[in-house]
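Engineer: whatever this is, show me its structure:
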Amino acid sequence: MTSQPSLFQGLNDAQREAVETVDGPLLIVAGPGSGKTRVITHRIAHLVHDYGIPPYRIAAVTFTNKAAREMRDRVARLVGTNANSVTGGTFHAFCGRMLRQYGEMIGVNRNYSIYDSDDQLALIKQAEQMASKDPQRFPPRTIQSIISRAKSVMMNSQALERAAADYFEKTAAEVYYYYEELLARNNAVDFDDLLLKAVLLLENNGEIRDLYQQQYPFLMIDEFQDTNVAQYQLSRLLTGPSQNVCVVGDPDQSIYSWRNADIRNILSFQSDYPGAKVIALEQNYRSTGAILSAAKSLIASNRMRLDKDLFTSNADGDPLVVHEAYDEEEEAAFVISEVEHLVRSKSFNPGDCAVMYRVNAQSRALEEACLHLGVKYRLVGGVRFYHRREIKDLLAYLHLLQNPRDAVNLGRVVNVPPRGIGAKTMQTLQEWAQGQEVPLYTAMQQVAAAKNSGQTPPVRLAARAVNAISAFVSVAERLMGFAQTVPVVKLIDLTLQESGLDRHVRESDDSPEERWENVLALRELAQEFNAEDPPDGLASFLERVALVSEVDSFEESEDSLTLITLHQAKGLEFPVVFMVGMEEGLLPHSRSMESESEVEEERRLCYVGVTRAQRKLYLLRAFRRGFMSYRGPTVASRFLNEIPAASIAGASDGSSGPYRVPTTRSARVVTNDQWRPAAMAAATPSRPSLSVGDSVRHNTFGEGVVLDLTASNGDVEVTVEFTGGLGTKRLLLSFAPLEVIKG
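Structural biologist: Numbering: from 1, shown residues only. Sure, this is the predicted structure:
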């Protein structure tokens, strides 16, 4: 065994131990910013260089294409030209390749389509029609969520029906049955099927299971805390007798239960793999001491975790800034003002700063502030590139060329550009096809064949519709022939020309130049698959596009402020982070307060946000906020009280006092004693006793008269008419710095 000393340079003791541990099950508990990607890639290089393991016999699986791409690039720098033969990628991509190769053993044709969320929803609506269910009473998105959850725990429609707790779930099971029938009819799978069917393939075929275990004697899984039951079962099936499985993750960063991730997978790893070695990566290289101290104190309140003691050799840095604005508009204005201040001071670029929030709706006020003040920004999770109309249309054509049984994508493009094939015609065709038990495209072929031979079409349609169908089939057949013989980029060009989609996009009434640029961007992406032989290049390209996520396309930019949800921010880091909406009902979210486990996940989400920050962290809340048809006073997030006062600007003594809303640049740092009364109101003896008609003074709004006092969530809402043209304002007594004016 030849040692490569350079592989271990710069690794700390725990990292080196993790890299050198190659035999048997290994759990690497990797704290945020602890260099886990470095460990994974160096461990792969160690296996190749020092143990002589061929790269193609190592499988490294993660959750996003972005993470997989970074892993491949780093391995390439360490291993060299052989790096590409390491099987690295997402769970879904790994399973997709498996099904393309062996799926026919369980009835999955290798030319299957992968349906995205919108396609799934369209199919569920059809399934509800087949089941005679009212979509108003049984919302398709809710049914979609129930089906996804069932698939994630390996339940088919029969199992879901047996386990149904109520009539709604029984109905979902019935729709699930028809949904599966429609998927099979369309030769399509959804995202959950990629995992579910791969597990079924390995469970039911010992020969294929042995083949994969022998092919990949070394298995590495990143972000293990985010695995669901199906992914966990897949990892067990891929692990051979040697049990050389290495999983990397952090229970404290498990934030995707709504995607059916199960934190118990990582918490129970040691019991499922007796004798597993556990190594904790505890040194944080990302954040300052003040930020890390806040994160440690915050997450310590959780029970469902594996102990680790994070530390850093970084300087303590600036303390955290906690700020309360009056409402979401003032909150957004403060963020933009602070970003401009940081840029003017030459300390940071706009691209160094990110604003993170719990729900997408919070971006509205931030976007408006950016637009009003002329600040360039980038919204992660807005209208996604692959969901743009022109991109969906072109991809639908390509899906149809690969899989003519795909009725969903056929329905999308059959009249794009408009060619006289209306909804009524398609419905008639669909009903006839179902009665004949043939795919929709086959029905169209039969209509075209009858027309071309001078016979009466088998379906009763208007002559204009028959001519249009015949013309469409002619174009589709020609393109399907090209799909078997030409590279994918050439196929895209031919599809645009033959279908008329190029002219349709260029002559659009809505931003034609921008839409055409999007088409060209997709064409450029396809270049990567141009070297593959037809039709494999098309299949690989469509699979890559289907499995892309919003974060995969995130690229750093010096001149744009980033607006992003906390969930999307996982895996990223920024020098400056603003976390807005630190209020009960937002973070933690109102939907997550029914159980302690849900609150713990919200705390983990807050922890993820805090640990994205490298040098500066701002925690903001609004005194009043309009959200989900509610507008009124808010209560400070409990998570603010779990951050040590010593980490917060101006709060070293942890004292409490009257709340003051900062109104000038000199007051932009809000101290601990200005927000902690939210949780301490009941214990504050200085809380004034008020009556209607009392004259009061407010630190910011000046003098006024109490008009009304109303009980509100264990507090008192005070309505005050202020002088000086400020008008009427409603204030919570526990927050409001009101002083009674005597006499």
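Engineer: give the buried residues for stretch 478-489.
Structural biologist: Within stretch 478-489, the residues that qualify as buried are 479, 482-483, 486-489, counting by 16 or more other Cβ atoms under 10 Å. In short, each C-beta sits where N, CA and C put it, glycine included.
Engineer: just the residues contacting it, thanks.
Structural biologist: 397, 401-402, 404, 490-491, 494-495, 498-499, 523, 526-527, 529-532, 534-535, 537-538, 541 (Cβ atoms under 8 Å, 6 or more residues apart in numbering).
Engineer: ok, 6 Å please
Structural biologist: Stretch 478-489 is contacted from outside by 401, 491, 494-495, 498, 526-527, 529-530, 534-535, 537-538, 541, using Cβ atoms under 6 Å, 6 or more residues apart in numbering.
Engineer: circling back to that earlier point, between the buried residues of stretch 478-489, which sits nearest Leu310?
Structural biologist: Val488 (46.4 Å; Cβ to Cβ).
Engineer: in which helix or strand would I find the residue nearest to Thr728 when sequence neighbours are not counted?
Structural biologist: Excluding its sequence neighbours, the residue lying closest to Thr728 (Cβ to Cβ, 6 or more residues apart in numbering) is Glu721, at 5.2 Å. Using DSSP states H and E, Glu721 maps to strand 715-722.
Engineer: same for that strand, what does it pack against?
Structural biologist: Counting contacts by 3 or more Cβ pairs under 6 Å, 6 or more residues apart in numbering; DSSP states H and E, strand 715-722 packs against strand 702-712, strand 727-732.
Engineer: let's go with 8 Å and repeat that
Structural biologist: Contacts defined by 3 or more Cβ pairs under 8 Å, 6 or more residues apart in numbering; DSSP states H and E place strand 715-722 against strand 630-633, strand 695-698, strand 702-712, strand 727-732.
Engineer: as CSV, the ones you listed with mean neighbour count would be great.
Structural biologist: As requested, the helices and strands packed on strand 715-722 are exported to CSV (neighbours: other Cβ atoms under 10 Å):
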stretch, mean neighbour count
strand 630-633, 14
strand 695-698, 18
strand 702-712, 15
strand 727-732, 17
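Engineer: how about the ones you listed in JSON lines, adding distance to Tyr167 and mean pLDDT?
Structural biologist: Formatted as JSON lines, the helices and strands packed on strand 715-722 follow (distance: least, Cβ to Cβ, whole Å; pLDDT from 0 to 100):
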{"stretch": "strand 630-633", "distance to Tyr167": "30", "mean pLDDT": "73"}
{"stretch": "strand 695-698", "distance to Tyr167": "53", "mean pLDDT": "84"}
{"stretch": "strand 702-712", "distance to Tyr167": "37", "mean pLDDT": "76"}
{"stretch": "strand 727-732", "distance to Tyr167": "42", "mean pLDDT": "72"}
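Engineer: make JSON lines out of these and add distance to Tyr618.
Structural biologist: Output for the helices and strands packed on strand 715-722, formatted as JSON lines (distance: least, Cβ to Cβ, whole Å):
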{"stretch": "strand 630-633", "distance to Tyr618": "22"}
{"stretch": "strand 695-698", "distance to Tyr618": "25"}
{"stretch": "strand 702-712", "distance to Tyr618": "28"}
{"stretch": "strand 727-732", "distance to Tyr618": "23"}
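Engineer: these: which one's closest to Val740?
Structural biologist: When the helices and strands packed on strand 715-722 are ranked by proximity to Val740 (Cβ to Cβ), strand 695-698 comes first, at 5.8 Å.
Engineer: residues in contact with that closest one?
Structural biologist: 688, 690, 703-706, 720, 722, 731, 736-741.
Engineer: may I have that strand exported as PDB, CA atoms only?
Structural biologist: Output of strand 695-698 as PDB, limited to C-alpha atoms (Å, rounded to 0.1, in the frame of the first residue of the first chain):
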ATOM      1  CA  SER A 695     -52.700  60.200  28.500                       C
ATOM      2  CA  VAL A 696     -49.500  58.300  27.600                       C
ATOM      3  CA  ARG A 697     -46.100  58.900  26.200                       C
ATOM      4  CA  HIS A 698     -44.300  56.600  23.700                       C
END
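Engineer: list the neighbouring strands of that strand plus their orientation.
Structural biologist: Strand pairing for strand 695-698, using DSSP bridges, gives strand 702-712 (antiparallel), strand 738-740 (antiparallel).
Engineer: please state the offset of it from the chain centre?
Structural biologist: Chain-centre distance of strand 695-698: 47 Å, with Cα atoms, centre = their mean, to the nearest Å.
Engineer: now do Pro350, the pLDDT please.
Structural biologist: Listed pLDDT for Pro350 reads 93.
Engineer: also Val383?
Structural biologist: pLDDT, Val383: 52.
Engineer: same thing with Val551?
Structural biologist: 64.
Engineer: worst-scoring helix or strand of the chain, pLDDT-wise?
Structural biologist: The helix or strand of the chain with the poorest confidence is helix 677-680; it has a mean of 30 (mean pLDDT, DSSP states H and E).
Engineer: contact partners for the nearest residue to Asp502 once chain neighbours are set aside?
Structural biologist: Distances taken as Cβ to Cβ, 6+ apart place Leu496 nearest to Asp502, at 4.0 Å, with adjacent residues excluded. Taking Cβ under 8 Å, 6+ apart, we find Leu496 in contact with 394, 502, 519.
Engineer: switch these over to CSV; also include distance to Val466.
Structural biologist: Below are the contacts of Leu496 laid out as CSV (distance: Cβ to Cβ, whole Å):
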residue, distance to Val466
Leu394, 27
Asp502, 26
Val519, 31
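Engineer: just the CA trace of stretch 153-167, in PDB.
Structural biologist: The C-alpha trace of stretch 153-167 is given here as PDB (Å, rounded to 0.1, in the frame of the first residue of the first chain):
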ATOM      1  CA  VAL A 153     -42.500   4.400   3.300                       C
ATOM      2  CA  MET A 154     -42.900   1.800   0.600                       C
ATOM      3  CA  MET A 155     -46.700   1.600   0.700                       C
ATOM      4  CA  ASN A 156     -48.800   0.900  -2.500                       C
ATOM      5  CA  SER A 157     -52.400   1.900  -2.800                       C
ATOM      6  CA  GLN A 158     -53.600  -1.300  -1.100                       C
ATOM      7  CA  ALA A 159     -51.400  -0.800   1.800                       C
ATOM      8  CA  LEU A 160     -52.500   2.800   2.100                       C
ATOM      9  CA  GLU A 161     -56.100   1.700   2.100                       C
ATOM     10  CA  ARG A 162     -55.500  -0.800   4.900                       C
ATOM     11  CA  ALA A 163     -53.700   1.800   7.000                       C
ATOM     12  CA  ALA A 164     -56.100   4.700   6.300                       C
ATOM     13  CA  ALA A 165     -57.100   6.500   9.400                       C
ATOM     14  CA  ASP A 166     -60.200   8.200   8.000                       C
ATOM     15  CA  TYR A 167     -62.400   8.500   4.900                       C
END
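Engineer: right, I'll call it a day here.
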